[in-house]
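1. model this:
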Amino acid sequence: MPLYASINSFNAGELSPKMVGRTDVSQYHKGCSKLENFMVTPYGAAERRPGTVFVAFAKQSGHVRLIRFVFSSTVSYVCEFGDRYIRFFRSAAPVLDAEGAVVEIASPYLAQELADIQFVQSADVMTIVHPSRPVMELKRIAENSFTLTEKEFAFPPCLEPNLDDKATITPSAVSSSNGSWITLTASKDTFSAGNEGGYFQLIHTRKENEIAVDFKADGVTDALEVFGYWSFTTHGTWSGTVTIQRSFDGGNTWSDFRTYSSAKDVNISTDGTEEEENVLYRLRMEDYAASSTGTLKLCRCLLVNPDYSVTGVVRIGRVDSPTVAQGTVVKKLGGITPTSEWNEGAWSSRRGFPRSIAFYEERMIFGGSESRPQTVWGSKTNNWDNFLIGDKDDDALDFTIAADTVNTINWMVQHDALIIGTMDSEWTLSASDTSSALTPSNFRIRRQSVYGSAKVQAQMVGETVLFVQRGSRKVREFVFQWEKDGYAAPDMTILAEHITASGIIATALQQLPDSILWCVLSDGSLAALTYEREQEVIGWQKHVTSGKFISCAVVPNGDEDLIYFAVDRGGKICIEVMAGRNQSADPVKQIYTDCSKVFTFEERARKLTGLEHLEGLTVQILADGSVHPERTVKDGSVTLDYPVKCCVAGLGFVSTLSPMPMELDTQSGSTMLRVKGISELRLRVYSSVGGKVACGNGSPQTIISRDILEDNFDSFISQKTEMVKILTVSGFGESTSITVTQADPLPFNLSVLTAIYQIGE
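-> The predicted structure follows:
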């Protein structure tokens, strides 16, 4: 009696060889022993991956990295970072300047440093961090114009305050102009060459300042610099109007701040707080009239600004000796007297630079430097250039993770808490309760798991975070669990531990049409995880090409994100973009070859030129929708057998699907390890042409045949959606395999596979 075994979903993806026979695991019946160059879909079907289109050669043959730059929902770029340069691509083409040249800017990053770059973006500014380089800003100036400059800080993050009263620093001036330098002189050895480019923060106490004046006529006082608390009083018997005026530009222009009038009947007593720095105040009397009565026949005014601390910042340009350095004033100093209240900047060549970055609750957050590997620095709220520590709720903050080992911060991701991945643990940083904001006095750091993270940026997928575990072979899901009131990090590779065996070196997240985490592996292949947590879809697949994938990036593009790849093809780095999955019957859009070029002609033509990127390689050709015999590219061109209107030429690849060995429970027991054979296969395919299937050692048989009348240059091969029956001769054995392949440059999508078994006793 024949037995029927069906698979109507392949969305468990490729499973580990160690899973063979584990029919007790639910994913077994939806999994494959091999799934290569097929894509897992949330609906269960397996679709042949599209090919890629050649965009350009990378500028250099060495290592490059692709990074996305998203300006808006309709304007996005891919940046090619190479050895000391950046180039830009948009809409699958290089960005050109007004003269038609490829837009390129200089960068400080060496080829071997590219893997450690992390970044965040807000509007047209991308902030970039690297553990060996200053924080940089990549700005979009115009549609085809970009700049890369070092980020300027009004108040940079600093180390702990100096605690030695005898270790003072004396500045030679309070400000510098037109790029001039001032001199900092230390009483003890303080500076080193590694401080060049870094910052020093100096604090001076400004003694009480005041304006004391007796107005006996209209007039204006001298200016007083005011910061923080101030008070204003008047005495006497007088008539007129006295006004407190403010200037924000050094006294060039003045505006009325507060105005008070008297007709010999009132005096003033008021105060306030000046939040801005470098603001000038003055007093102005108008319409003054002398009094003939009273003890004090005039207007006596007193504007007082009590003692306050002035924090100035100097950026070091040159170190002359351990006690003498030159630099420019970034923030005006409070005096030129020696001060023991100073802080060295947290980041410099001497101390290292941050290796990770994120946004959280309107703060820009930096994490982990060489000298402070476990420290998190947060900016002032909505002021990403200000890291001045204070006790107000919106002041800047810094925290150091208290761990029993050195926990280098490798990545950070914004969630309902700030999630921090370190070398051996995963942490959350947030306010002490969910209804409050993170402040310098209201914070909580909690260790959530102890798996440890690789130096690969984590990805936010819906409500969860996917990160690469230390060792670079496992992807874990960082997800909140209500039952434990905390986070867990289950292994997403637990059923497919083999697929990332060579190690993950980079990731990119595609969100449309499906959520797919693309992982570049160190062996040059791609592993992709189709991830739809709500639908319980976790399916891995492997992708290979005639070359080595070295980087990838995803940018939004309407209803389907574009995936760019940098591929090493025989020593030449090609920038390529994957064709869309929603390919129509239009033969121009049928792209199932890699590193392809698409040709369209007004008049039919036989010669295809512009194939220099495939010189000496054999290419597959889809000509007017029909498969043309393969050709070898010579002098950048090939000649077809017949003239065509449109065609696609590129490198062929094979898509392979092998389901896990089918096992059934029968009245006489399980079929596992029993002799059996497959007599017939039934396949339901959609939008497919061609394809072959083989059972065991049997010969491959065509699934969707192409009629001779269809397969010619005048007729496009129509895609078919149907159920196909195939009689097989697989032979009998304890395990029977089924292998579905597609090697032609044509689509193939499989939704259901049924095998009819015969059991041998």
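
2. Any figure for the gap between Leu303 and Pro17?
-> Distance, Leu303 to Pro17, using CB to CB, to the nearest Å: 83 Å. Just so you know, the C-beta spots here come from the backbone N, C-alpha and C atoms, and that holds for glycine as well.

3. again but with Thr434, I slipped
-> Counting by CB to CB, the gap from Thr434 to Pro17 is 45 Å.

4. more crowded one of Leu303 and Pro17?
-> More crowded of Leu303 and Pro17, by other CB atoms under 10 Å: Leu303, with 21 against 11.

5. where does the more buried one fall, phi/psi-wise?
-> Leu303 adopts backbone torsions of phi -110, psi 120, taken as degrees, to the nearest 10.

6. for the nearest residue to it once chain neighbours are set aside, helix, strand, or coil?
-> Excluding its sequence neighbours, the residue lying closest to Leu303 (CB to CB, 6 or more residues apart in numbering) is Ile211, at 4.3 Å. Put simply, Ile211 is strand when judged by DSSP: H, G, I helix; E, B strand; the rest coil.

7. my guess is Ile211 meets Val220, correct?
-> No - between Ile211 and Val220 there is no contact under CB atoms under 8 Å: 10.8 Å.

8. who has more neighbours, these two?
-> More neighbours surround Ile211 than the other of Ile211 and Val220, with 19 against 14 (other CB under 10 Å).

9. where's the more buried one relative to Val78, distance?
-> Counting by CB to CB, the gap from Ile211 to Val78 is 59 Å.

10. got it, and Glu536?
-> As judged by CB to CB, Glu536 and Val78 stand 33 Å apart.

11. again with Val675
-> With CB to CB as the criterion, Val675 and Val78 are 55 Å apart.

12. okay, those two: which has more neighbours?
-> Remark: of Val675 and Val78, Val78 carries more neighbours, 25 against 14, as counted by other CB under 10 Å.

13. Please compute how far the helix or strand containing Ala528 lies from its chain's middle.
-> Using DSSP states H and E, Ala528 sits in strand 526-532. Here strand 526-532 is found 18 Å from its chain centre; the criterion is CA atoms, centre = their mean, to the nearest Å.

14. Quick one: mean pLDDT for it?
-> The average pLDDT within strand 526-532 is 97.

15. Mind listing what's buried along that strand?
-> 526-532 (16 or more other CB atoms under 10 Å).

16. Does anything pack onto that strand? Which helices or strands?
-> Counting contacts by 3 or more CB pairs under 8 Å, 6 or more residues apart in numbering; DSSP states H and E, strand 526-532 packs against strand 38-40, strand 516-521, strand 537-543.

17. got the contact list for the helix or strand that the longest one is followed by?
-> What that stands for is strand 537-543. Later in the chain than strand 537-543, the nearest helix or strand by DSSP H and E is strand 548-555. Strand 548-555 has contacts (CB atoms under 8 Å, 6 or more residues apart in numbering) with 63-68, 70, 76-78, 506, 508-511, 518, 520-521, 523-526, 543, 561-568, 573.

18. Can you select the buried ones from these in ChimeraX?
-> If you want just the buried ones from the contacts of strand 548-555 in ChimeraX, going by 16+ other CB under 10 Å, the selection is:
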select :63,64,65,66,67,68,76,77,78,506,508,509,510,518,520,521,525,526,543,561,562,563,564,565,566,567,568,573
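
19. From the contacts of strand 548-555, which land in strands?
-> Within those, residues falling in strands by DSSP state E are 65-68, 70, 76-78, 506, 508-510, 518, 520-521, 526, 543, 562-568, 573.

20. okay, now the domains of the chain?
-> Domains of the chain are assigned by automatic domain parsing as 3-44+657-759, 60-146+352-573, 169-206+310-344, 209-306, 579-651.

21. shared neighbours of Ile211 and Val220, which are they?
-> Residues touching both Ile211 and Val220 (CB under 8 Å, 6+ apart): 282-283.

22. returning to that earlier point: out of the domains of the chain, flag the one nearest Glu152.
-> Comparing the domains of the chain by their distance to Glu152 (CB to CB), the top pick is domain 60-146+352-573, with 6.7 Å.

23. picking up where we left off before, deepest in the core, which of the helices and strands packed on strand 526-532 is it.
-> Ranked by mean neighbour count under mean count of other CB atoms under 10 Å, the helices and strands packed on strand 526-532 are led by strand 38-40, which reaches a mean of 27.

24. ok, Ile365 to Ser371 distance?
-> Note on Ile365: its distance to Ser371, by CB to CB, is 18 Å.

25. now swap in Met723 and tell me
-> For Met723, the distance to Ser371 (CB to CB) stands at 66 Å.

26. ok, now Thr507?
-> Counting by CB to CB - Thr507 and Ser371 are separated by 28 Å.

27. okay, these two: which has more neighbours?
-> Thr507 (22 against 12).

28. Including distance to Pro161, could the domains of the chain go into CSV?
-> As requested, these are exported to CSV (distance: least, CB to CB, whole Å):
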stretch, distance to Pro161
domain 3-44+657-759, 55
domain 60-146+352-573, 9
domain 169-206+310-344, 5
domain 209-306, 20
domain 579-651, 57
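
29. of all those, which lies closest to Pro156?
-> For Pro156, the closest of those is domain 169-206+310-344, at 4.5 Å, according to CB to CB.

30. first to last residue in the closest one, what's the distance?
-> The first and last residues of domain 169-206+310-344 sit 11 Å apart, counting by CA to CA, to the nearest Å.

31. Averaged pLDDT, it. What do you get?
-> Here the average pLDDT along domain 169-206+310-344 is 95.

32. can you give me the offset of it from its chain's centre?
-> 35 Å.

33. Going forward, count from 59.
-> That works, and once the first residue is 59, the last one we named lands at domain 227-264+368-402.

34. Note down every partner strand of the helix or strand harbouring Leu808 and its orientation.
-> Assigned by DSSP H and E, Leu808 belongs to strand 807-817. If you go by DSSP bridges, strand 807-817 pairs up with strand 61-65 (antiparallel), strand 104-106 (antiparallel), strand 734-746 (antiparallel).

35. most packed of these?
-> With neighbours taken as mean count of other CB under 10 Å, the strands paired with strand 807-817 reach their highest mean count in strand 104-106, at a mean of 23.

36. ok, and what's touching it?
-> 68, 90, 93, 95-99, 639, 650, 713, 715, 800, 805-809.

37. May I have the longest strand anywhere in the chain as CSV, with CA atoms only?
-> In the chain, assigned by DSSP E, the strand with the most residues is strand 327-347. C-alpha atoms of strand 327-347 as CSV (Å, rounded to 0.1, in the frame of the first residue of the first chain):
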residue,chain,number,x,y,z
SER,A,327,13.7,93.8,44.1
THR,A,328,13.9,90.9,41.7
ASP,A,329,16.2,88.1,40.6
GLY,A,330,16.6,85.4,37.9
THR,A,331,18.8,82.8,36.3
GLU,A,332,20.7,83.2,33.1
GLU,A,333,21.0,79.8,31.4
GLU,A,334,23.1,80.9,28.5
GLU,A,335,26.8,81.5,28.7
ASN,A,336,28.8,84.6,27.5
VAL,A,337,25.7,86.9,27.8
LEU,A,338,26.2,90.6,28.6
TYR,A,339,23.8,92.6,30.8
ARG,A,340,23.6,96.4,31.2
LEU,A,341,21.2,99.0,32.7
ARG,A,342,19.5,101.8,30.8
MET,A,343,17.7,104.8,32.4
GLU,A,344,15.1,106.8,30.4
ASP,A,345,12.8,109.7,31.1
TYR,A,346,14.6,110.3,34.4
ALA,A,347,13.2,113.1,36.6
